[in-house]
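In: Quick one, fold the following:
(chains A and B)
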Amino acid sequence: MAPHPLLFTSCALVALGVYGILTRRNAIGILLAIELILNAASLNFILFGRWVGGVDGQAFAIFVIALAACEAAVGLAIIMGLYRTAKTVLADEVNLLKG
Amino acid sequence: MSPMLAWIPGLPLAAFAVLILVGRRLGRASAWVSVAALASSAFLTLQLTPHVLDGQRLAVSWRWLSATDPAWFLGLAVDRLSWVMLVLVTVIGTLITIYSIGYMQDDARFSRFFAYLSLFCAAMLGLVMANHFVLLYACWELVGLCSYLLISFWFEKPEAARAGRKAFLTTRVGDTGLLIGILALWVTAGQLHLGRLEEIRTFFVLRDQTWWLTIISTLIFLGAVGKSAQIPLHVWLPDAMEGPTPVSALIHAATMVAAGVYLVARTLPLFTPESLRLVLWIGLATHLFAGTVALTMTDIKRVLAYSTISQLGLMMTALGLGAASSAMFHLSTHAFFKALLFMAAGSVIHATHRQDLRELGGLGRHLPWTRALFLIAALSMGGFPLLSGFWSKDAILLSAREHAPWLMWTLLGGAAVTAGYIFRLYLRCFHGSPVASGCGTPHDSPAVMILPMAALGLGAAFAGFAGPGVFHVHGGLDVPMLISSSVALSIGVTLAFAVGLKRRVLVPAVLRPLGTKLYRLAANKYYVDEAYQRWIIGPFLDATAWLSRFDRRIIDGAVDAAGLGGWRIGQWKERFDRVVIDGIVNGIALVTRSIGHVVRRAQTGVIHHYLFWVVAASVMLMLWIRAVSA
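Out: Sure, this is the predicted structure:
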């Protein structure tokens, strides 16, 4: 069976996200890249859900969106805190967790 | 009326508490606190008179030990017997306390003296009012403590400190007997109430166990022997004269030493014929023994001390005859005239600062009051007709005559000895040639000392008339007895005059070596102290020295060896601990630490490194899944 063309889109989204994670210096950029990966996952849920039948895939996609919103809120709060203590939002300049 | 009973010992006790706490601030006034408390007690006691003479028994009691079944009730009770003692202690105590104000006026521990005196009176009052053996024993010991504190009141003098210790230890022998007796009574009869002695007696008689009564009463009598200075525990009383003279008068003549007589009189229902015979013999031996010693003593207070022992022996003799009322009668009259004798002696000592008969003489002119009062007391003690001592002594002699004629003749001989030593003392103090003394002309004591003496003089003269009313002894004169006791008195006085004062030698030449030997024997107090030193104290000290060596060598050695062994084992354990246990713990820590040292390198803190590892791991995982599923 041939893969659905939209699967290539989600592959591209994941690749873009990973690339963004690894290359972005700004913490907000990393957060955005994570959003891309999550959206790729949501797309896959919907595609495979349609193929299998039923609404499970779509329900999971809704969950992922809600989860992403939470993650964005927590992530942004962390970034605010980080800015207050370290006076920067550039992730590679912060190594407070160095062992 | 009964609840007021607690005030009688309570007031002197309160005076003691006040004086011991703030006595130093009160200064001279502290004496009057004591006098006021005692006088109030005396007043309360005298208020009881009509009730007691009616034959009532006033009592108050309270629950003391409720854990036992039945609960113990301690309390105070006054009957005729204890009422007599109460009157003696409070009245004579008050007078002697007043006298002490003059006698102790220059003493540095003035208020302390009156505090102790008050405590003594409280304890003595508690002792005679106690209705239970336990309370009686507590007061008994408290009285002994006060005696110790007051004998060694001038503890700067080594003799006084030693005398206090001797008194305490010697009476302790007797007290232990009393304690064992009380315990035995509790174990066997289970009843310690002093009001139920007849029940206890019946209990033993019904079970045919009167030998228990003999044992218990002998043990109780042992306590009385210690307190009342009977043979063989009499040695402390002469030494107790190191204390201040008012103490000798109150405690060691009038009241405390009489506690033994009181105890035997109180517990007389427990005494069997066997133990009464013991009481009789001990009393008689003490009476004669101490009387002959008193003839030879040269220290005023020691003469009086041996005289006290002798008179206590006479009371014990009366108790041994079962004549408790005569004994208590003599106890009361004796308390008056002996306290007066001591106070007069104290007055002499106060005036001349001497108490050796060889340095005294012809004081009659300088101390007219003291002399007159001393004479009254001496006549009363010698048994001059119609004075108090005459009545009480005759009561005892009459009891003795009923018992056995030989006993009466022996006691008459004792009476002659009594008259002999007391008039020897009187004549050598107040008559004869004045001895040049270095302290100028002696003068009579101040009124604060003379007035109490005069009051006691009245008692010494007239207390005998209370005999029939209070003590139910034979009233009226027994003419043969009057004549024979007067003859005994005259013989004693004549000999005292001829031998004691004029130094005539009446012993025929043949008997002179024997006489000298007997004199020396009596003058050395029959070597009782030396015998104790040699046969009891010496071996005891040797035994303790031996035990001390045993202790040092064997016991200490064992303890030291055990300690050393423990120390060695401890050292080994310490080494094991250090090398093995610590090694394991430290080794684990070291391994963990070095692993951590390597692993921490990965923890750079840079997010990109972590994310790189996440991505790389995901890729590897994916490739691995493919490889597996293919």
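In: dump the residue contacts of B:Leu86.
Out: B:Ile8, B:Thr45, B:Leu48, B:Val78, B:Leu125, B:Val128, B:Met129 (CB atoms under 8 Å, 6 or more residues apart in numbering or on different chains). Any C-beta I mention is one placed from the backbone N, CA and C, and that applies to glycine too.
In: Can you pick out the ones from these that are in helices?
Out: Those of the contacts of B:Leu86 mapping onto helices are B:Ile8, B:Thr45, B:Leu125, B:Val128, B:Met129, per DSSP state H.
In: Which of those residues ranks first by neighbour count?
Out: Neighbour counts for these, by other CB atoms under 10 Å in any protein chain shown, peak at B:Leu125, which reaches 29 neighbours.
In: pretty sure that residue is touching B:Ile8, no?
Out: Yes - here B:Leu125 reaches B:Ile8: they are 5.5 Å apart, a contact under CB atoms under 8 Å.
In: So for those two, which residues contact both of them?
Out: B:Ser41, B:Leu86, B:Thr90.
In: which non-adjacent residue is nearest the last one?
Out: Going back to what we said before, that points to B:Thr90. B:Ala42 (3.6 Å; CB to CB, 6 or more residues apart in numbering or on different chains).
In: SS state for that neighbour?
Out: helix (DSSP: H, G, I helix; E, B strand; the rest coil).
In: Report the buried residues of the longest helix along chain A.
Out: Looking across chain A with DSSP H, the single longest helix is helix A:56-86. For helix A:56-86, a neighbour-count test (16 or more other CB atoms under 10 Å in any protein chain shown) marks A:Gly57, A:Phe60, A:Ala61, A:Val64, A:Ala68, A:Ala72, A:Gly75, A:Ile79, A:Leu82 as buried.
In: ditto for stretch B:244-256
Out: Those would be B:244-256, for stretch B:244-256 by 16+ other CB under 10 Å.
In: Just the mean pLDDT for that stretch, thanks.
Out: The average pLDDT for stretch B:244-256 rounds to 85.
In: first to last residue in that stretch, what's the distance?
Out: 15 Å (CA to CA, to the nearest Å).
In: SS state for B:Trp62?
Out: strand.
In: cool, B:Phe73 as well?
Out: strand.
In: what's the distance between it and B:Arg266?
Out: Distance, B:Phe73 to B:Arg266, by CB to CB, to the nearest Å: 18 Å.
In: of the two, who's got more company?
Out: Per other CB under 10 Å, whichever of B:Phe73 and B:Arg266 has more neighbours is B:Arg266, with 23 against 15.
In: Give the full set of residues in contact with that one.
Out: B:Leu81, B:Ser82, B:Leu194.
In: So B:Gly126 versus chain A, what's the distance?
Out: 84 Å (CB to the nearest CB, to the nearest Å).
In: wait, that residue sits on B:Pro9?
Out: Yes - using CB under 8 Å, B:Gly126 is in contact with B:Pro9, at 4.5 Å.
In: Quickly list what's touching both of those two.
Out: Common neighbours of B:Gly126 and B:Pro9 (CB under 8 Å, 6+ apart) are B:Leu76.
In: which residues are in contact with stretch B:32-40?
Out: Counting by CB under 8 Å, 6+ apart, B:7, B:11-12, B:14-15, B:18-19, B:26, B:90, B:93-94, B:97-98, B:101, B:114-115, B:117-118, B:121 sit against stretch B:32-40.
In: residues from chain A in reach of chain B?
Out: A:18, A:21-22, A:27, A:30, A:91-92, A:94-99 (CB under 8 Å from any CB of the partner chain).
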